[in-house]
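*Asks:* Let's see this in three dimensions:
(2 chains)
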Amino acid sequence: MVPAALATASGVGGAGALAGLLLPCRLRVPVVGVLTAGVGAGGGTAGVAALEGSRWAAALPGLVPLAGAHVAVDALAGVFMAVAGAVVVAVAVYGIGYAAGDGPHGLGSRTAQAVLPLFALTLVLVPVAASVSTFLVLWELMALGSLLLVLAEHRERASVWQAGVWYAVMTHLGLMLLLAGFALFAAQAGGETFAALRAGAQGVSPALRGLVFVLVAAAFASKAGTVPLHAWLPRAHPEAPSPVSALMSAAMVNLGVYGLVRTGLDLLGGGPAWWWLGVMAVGGVSAVYGILQAAMAADLKRLLAYSTSENMGLVIVGVGASGLFAAYGDRPLAALALAAALLHVVNHAAFKALLFCAAGSVLRATGLRDLDRLGGLRSRMPATAGLFALAALGAVALPPGNGFISEWLLLQSLIHGFQVPGVAVAVVLPLSVALIALSAGIAAAVFVKALGVGFFSRPRSEQAATAGEAPAPMLAGMGLLAVLCAALALVPGLLGDGLDRAVGAAGLPGSGALTGGGLRVRLADVSASLSPLWVVAALTVALALAAGLPRLCARRRRRAGARLWDCGGGAPTPRMAYTATSFAEPLQRVFDDVLAPEQDVNVTPVRESAYLVERVRFQRRVPDRIEHRLYEPVLRALAGTGQAVRRLAGGSVHLYLGYGFAGLVVLLLALTVGW
Amino acid sequence: MSDSLYTQLLDVTCGAFLLAAVIVLWRRELAAIVRVFALQGVALAALAVLLGAHEERWDLIGVGIGIGALRAGALPYLVRRALAALTEDRQGYATGGTETRETQPLVNVAASLLTAALLTLLAYAVSRPLTDLEPTPATRALPVGLAVVLIGFFVLVTRRRALAQVVGFLLLDNGITATAFLATSGVPLIVELGVSFDVLLAVLVLQILTTRMREAFGTTDIDDLRELHD
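*Replies:* Predicted coordinates for the structure are as follows:
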């Protein structure tokens, strides 16, 4: 079943790329959309089959020159394949409606439509790779595909170009790290297939293992968009067409987590505590920093991108905790933490894809991403608003949203980790619990802001006031994602056995940490259980009671319509409503030291008198501080070095010849002396 | 031909070959440099013929004769013609023949000769492991080819006149050819044919470039071209 599904996905993907290249503009978008959905369906089926316990491995010697391709599917790969497949199906359907509005440009262009199925295919296939060369080839194809898609709208905005450059540079730096790490690992372990790496990992010296892990983990953390290697993410995600943002944010960044789990826990077979303390530190910092930046963002898609950084941070905290517990020998807890992290990957994919799609509908309808100029969309776009609200509920990690369950599991594993002995654990775990709680709290504010300012209150611009509902395919795609979100929120227990197998495939087998009877999530080794369905039922009843009782008890009927009391100041205008910036202002004051906002007051006096003011200009920006402190010095140093090196090229032919001659002589001398 | 005679002849040709390269460094007059270069071509051809005669391979002797025709005949002729084109319209200005003399090389002649000695030493040091692999008379002479490569490169780096540089490039190529002959005891005809045509074309192009340069800038001093970079 797995090979058949994967072969179908590959064939359909190839056909989709051909269709995108050859078909005329009008036919192109629907055909490519359907074929891309086929890719997702094939990959998703294979993933689900793997989660149900089927395994498959094969070597395809002719496919890649020299090394040949090695593929293998286990339950760990299955999780990520199933997630990617489901997201691809929904987003492809959504993309039909989205790209149809673009005409022959943007996402509807020939290049973008030809690349889209291939990108979807690589998303599904990266977890299948079972040798270093196969993995790197697919990884690079995925990076190139996403880069081309990010650049799809480069004609419309100049900022797309800049985002593309950032993304290309960072993703290739990541590839270099990955290449270095894996090459070192393969050389030490004596083989480049994952099976050989697994077998040879124990023979590698601890220092080299540590070096391999640091190199590879840095590359994967950069792909997952965690601080401080996140700089590409808040640029590329907003500038990409919305379906591409959804694919990148809900499927591509997950593969960073996949790589980390696969390499750290499976191939290297776990490691000392310092690896995982580092991973947890990175995860914790990105969770809080990402959500703080999201709170400050006024651009809707930028906000969602930073929220991705936060959620990946949470997942990575879970992975780090899992490794830490395994390093101290507590395997059941390690399995629980990893299962929580994987479940959060699944949940995040569902709600973040939906959020990006809804943001895309808003962008399509209004041409705006700026929350300060949106507003009042609830009445103009009721379906989109409802879907956005559902996804936002998942993102704030409160019941009955789907994000709640995975964060609850994560917290459970961390809290029960106090029984693990060790000073590092005793220091780190309370801190991580606090960081997760803090990020969940700020996330609530962030999504209240996004939903309340963007969709409620009054429209603050002409475009927002005249917006119309999204077309049917877009709503259908979002509807699929909404069903997934709801299913994950109500019956996450269905995933229990699959996640258990995945955790087993990652090298923590036989724990049975997470068992689900469909309706309940029960933790085997920790006496805790949760029935999301009952939570939802209780909440619904409570809401109904809260809304219904006053009506029942009230003597006379409430007046529904009345003029608002305006304090005598005249009718309220849209300018009086909260904007995204003003809503975030208190938070910004609280975290002033962390965010370091820049203020600029410019007073222009009238020419005749210095005491009469003609104009006051006030500007405040919240720049990404890490980027400011970390990247700009590096970029400046690089530019300075480049300028300095230019002096070596003075234009004299003799000088250039002299370089060659000196190089040759030095080389020969080195050879002579070294012999 | 007896072995000792072969060895002595081989050493004489190789010595002449190296000596020619050193004399190119010593002379300043471009016409004299070209004459010395032609003599080196003769030595190279003799080397190839000698190797062919020793191994009784007639194709190698053919290659040697071809090399002689190209490097002692065609290439010096072409360079000399370029030189004549430079001098013939200069009579009226009486510039003291600056265009036909390497008046001010970047490294003066004495230092150049010392450097050539050092480069030769380096070549001997580098090729010692190669000689140790199979010590025959031919491989023992291998450092000579390498030394000429290095000296040719040195001429290329330090001489100002475009034509002196062309000769430097050709010295480099002679050195490579000699190394190939000595190391492999004979290069196949087809390979040598390809290399020769390459060199011929390069010299034709450089000849045209030199004339153009002279027309455009009034000089063939390469250092005057430094304003051309980005």
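*Asks:* did I read that right, A:S529 in a strand?
*Replies:* Yes: A:S529 sits within a strand when classified using DSSP: H, G, I helix; E, B strand; the rest coil.
*Asks:* Any figure for the gap between it and A:Q412?
*Replies:* 10 Å (C-beta to C-beta, to the nearest Å). To be clear about C-beta, it is placed using only N, CA and C from the backbone, and glycine gets the same treatment.
*Asks:* same thing with A:G568?
*Replies:* 54 Å.
*Asks:* Same question for B:A117.
*Replies:* Distance from B:A117 to A:Q412, by C-beta to C-beta: 81 Å.
*Asks:* more neighbours, these two?
*Replies:* Neighbours were counted for B:A117 and for A:Q412 using other C-beta atoms under 10 Å in any protein chain shown; A:Q412 has more, 19 against 12.
*Asks:* Does that one touch A:A339 like I think?
*Replies:* No: the criterion here is C-beta atoms under 8 Å, and A:Q412 misses it with A:A339 at 10.5 Å.
*Asks:* Does anything pack onto the helix or strand hosting B:L50? Which helices or strands?
*Replies:* Using DSSP states H and E, B:L50 sits in helix B:30-55. In terms of contacts (3 or more C-beta pairs under 8 Å, 6 or more residues apart in numbering or on different chains; DSSP states H and E), helix B:30-55 is packed against helix B:3-26, helix B:58-68, helix B:75-88, helix B:162-184.
*Asks:* Compare these and give me the one nearest chain A.
*Replies:* helix B:162-184 (8.4 Å; C-beta to the nearest C-beta).
*Asks:* Going by neighbour count, which residues in the helix or strand following that closest one are buried?
*Replies:* Later in the chain than helix B:162-184, the nearest helix or strand by DSSP H and E is helix B:189-217. Within helix B:189-217, the residues scored as buried using 16 or more other C-beta atoms under 10 Å in any protein chain shown are B:E192, B:V195, B:S196, B:V199, B:V203, B:L206, B:Q207, B:T210, B:T211, B:M213, B:R214.
*Asks:* and what of stretch A:388-407?
*Replies:* Residues of stretch A:388-407 classed as buried by neighbour count (16+ other C-beta under 10 Å): A:388-407.
*Asks:* cool, stretch A:258-272 as well?
*Replies:* In stretch A:258-272, counting by 16+ other C-beta under 10 Å, buried: A:258-268, A:270-271.
*Asks:* Just send the residues you listed back as CSV, with pLDDT and secondary structure too.
*Replies:* Listed next are the buried residues of stretch A:258-272 as CSV, based on pLDDT from 0 to 100; DSSP: H, G, I helix; E, B strand; the rest coil:
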residue, pLDDT, secondary structure
A:Y258, 96, helix
A:G259, 95, helix
A:L260, 95, helix
A:V261, 95, helix
A:R262, 94, helix
A:T263, 94, helix
A:G264, 92, helix
A:L265, 91, helix
A:D266, 90, helix
A:L267, 91, helix
A:L268, 91, coil
A:G270, 84, coil
A:G271, 86, coil
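*Asks:* With respect to A:T193, which of the residues you listed is nearest?
*Replies:* Taking C-beta to C-beta as the measure, A:T193 lies nearest A:L267 of the buried residues of stretch A:258-272, at 10.5 Å.
*Asks:* Ignoring the adjacent residues along the chain, who's closest to the closest one?
*Replies:* Closest residue to A:L267 apart from its sequence neighbours, by C-beta to C-beta, 6 or more residues apart in numbering or on different chains: A:L197 at 4.8 Å.
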